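[1] When you get a sec, could you give me coordinates for this:
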Amino acid sequence: MPTSAPPPITIAIPVTWGDMDAFGHVNNIFYFRYFETARIEYLRRIGWMTDAFPISGIGVILHSVQCRFRIPVTYPDTLDVSARLVTIEQDRITLAHEVRSRAHDGAVAAEGSGLIVAFDYSLKAKSAIPEAVRRRILELESGSGPNPPS
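    As a prediction, this is how the structure comes out:
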């Protein structure tokens, strides 16, 4: 589902002094946290965590996540971290992430993806994505989905 449209989720995350390591740049573990923050906002926006899970018992479980580091980031900076759908299958979605540095004029500092599987917590097994969630994902990606929080 590659597209040139802006990602449906982009959040600003300030780099803190504590994000840096002994080498003077943001430590790699923080990129996974940045991805997680964007991923959770994506899931929240489609209502999977707040609406669908309590009703259906079908939640999510993170299968895998990967990251490619492009340029080092340092404090102070603000990062624009995005999430967009790459693929949707019966029981899983893949989200693409970009981390763009405002201090580097919007250059991509890191990019990656996360594979999220629908999971039935009562059965302890993967499950089909609930239809209401699938519909909200497609609406969000088309630009007609839920508005950002105020």
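[2] Where do the strands of the protein begin and end?
    9-14, 58-69, 78-88, 92-101, 107-120, 125-126 (DSSP state E).
[3] Take these and write them to JSON lines, including mean neighbour count and mean pLDDT.
    C-betas here are computed from N, CA, C, even on glycine. Output for these, formatted as JSON lines (neighbours: other C-beta atoms under 10 Å; pLDDT from 0 to 100):
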{"stretch": "strand 9-14", "mean neighbour count": "16", "mean pLDDT": "98"}
{"stretch": "strand 58-69", "mean neighbour count": "15", "mean pLDDT": "96"}
{"stretch": "strand 78-88", "mean neighbour count": "19", "mean pLDDT": "98"}
{"stretch": "strand 92-101", "mean neighbour count": "22", "mean pLDDT": "98"}
{"stretch": "strand 107-120", "mean neighbour count": "19", "mean pLDDT": "97"}
{"stretch": "strand 125-126", "mean neighbour count": "12", "mean pLDDT": "96"}
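[4] would you list those strands in CSV and tack on distance to residue 137?
    Compiled in CSV, the strands of the chain are given as follows (distance: least, C-beta to C-beta, whole Å):
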stretch, distance to residue 137
strand 9-14, 11
strand 58-69, 12
strand 78-88, 6
strand 92-101, 7
strand 107-120, 11
strand 125-126, 17
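[5] between those strands, which one is nearest to residue 142?
    Across the strands of the chain, residue 142 has its closest neighbour in strand 78-88 (10.2 Å, C-beta to C-beta).
[6] Residue 21: which of the strands of the chain is closest?
    In this view, the strands of the chain are compared for proximity to residue 21 by C-beta to C-beta, and strand 58-69 is the closest at 12.6 Å.
[7] List every C-alpha atom in the closest one, with coordinates, as PDB.
    Included here for strand 58-69 are C-alpha records, laid out as PDB according to Å, rounded to 0.1, in the frame of the first residue of the first chain:
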ATOM      1  CA  ILE A  58      -9.400  -9.100  20.300                       C
ATOM      2  CA  GLY A  59      -6.400  -7.000  21.000                       C
ATOM      3  CA  VAL A  60      -2.900  -6.700  19.500                       C
ATOM      4  CA  ILE A  61       0.400  -8.300  20.100                       C
ATOM      5  CA  LEU A  62       3.600  -7.000  18.600                       C
ATOM      6  CA  HIS A  63       5.200  -9.700  16.400                       C
ATOM      7  CA  SER A  64       8.300  -7.900  15.400                       C
ATOM      8  CA  VAL A  65       9.800  -4.500  14.800                       C
ATOM      9  CA  GLN A  66      12.900  -3.400  12.800                       C
ATOM     10  CA  CYS A  67      14.700  -0.100  12.400                       C
ATOM     11  CA  ARG A  68      17.300   1.300  10.000                       C
ATOM     12  CA  PHE A  69      19.300   4.200  11.500                       C
END
